[in-house]
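K.L.:
I need the structure of the sequence given here:
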Amino acid sequence: MGIKKMTNIEVDNDVGEVKLVLDTKFYGSDAIMKTAKEYLDSCWVFLDGDVQDKLLVTLKPKSKEIDINTLGYEFCNYILGLMQNEIF
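P.N.:
Residues are numbered from 1 along each chain as shown. Sure, this is the predicted structure:
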C-alpha cells in the first residue's frame, strides 16, 4: 500500500504509523502535549521539533485494531476539541 500523504498527515501502512506536522501557531502547543499524553494508552507517541514553530508527531498504534488511516485526523480533532473547550 505504501505511503499516503494528506496535507499535514502522512500515513505509512507498511510501517504502521502516522506522522503529523503541526504548526503551533494554529494548534496550541499545550493542547498538542495534552493530546499526546491522552494517546499514550493506545499509541506510541513521539514528538520532535520546536514548540514555537512546528512539531512532528509520530503515532504508532499499540494495537492492530486502530485504524491508522483515520488516526491522524482523530488526533487533530482531539487537539481542536481541547482548544475549543480550553481544557489543557
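
K.L.:
going forward, measure contacts between C-alpha atoms and count neighbours the same way
P.N.:
OK.

K.L.:
For this structure, which residues score under the pLDDT cut-off?
P.N.:
For the chain, the stretches with pLDDT under 70 are 1-7, 87-88.

K.L.:
let's see it at 50
P.N.:
4-6 (pLDDT under 50).

K.L.:
Buried residues in stretch 34-54, which are they?
P.N.:
Of the residues in stretch 34-54, 34-36, 43, 45, 47, 51, 54 count as buried by neighbour count, 16 or more other C-alpha atoms under 10 Å.

K.L.:
Please enumerate the helices of this protein.
P.N.:
29-38, 68-85 (DSSP state H).

K.L.:
Can you say which of the ones you listed is nearest to residue 10?
P.N.:
helix 68-85 (8.1 Å; C-alpha to C-alpha).

K.L.:
angle of that closest one against helix 29-38?
P.N.:
Here helix 68-85 points in a direction 130 degrees away from that of helix 29-38 (axes from the mean of the first three to the mean of the last three C-alpha atoms, to 10 degrees).

K.L.:
How far away from the center of its chain is helix 68-85?
P.N.:
7 Å (C-alpha atoms, centre = their mean, to the nearest Å).

K.L.:
ok, back up a step: would a markdown table of the helices of the chain with distance to residue 62 be doable?
P.N.:
Below are the helices of the chain laid out as a markdown table (distance: least, C-alpha to C-alpha, whole Å):
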| stretch | distance to residue 62 |
| --- | --- |
| helix 29-38 | 14 |
| helix 68-85 | 11 |
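
K.L.:
what's the most buried one of those helices?
P.N.:
Comparing the helices of the chain by mean neighbour count (mean count of other C-alpha atoms under 10 Å), helix 29-38 ranks first with a mean of 18.
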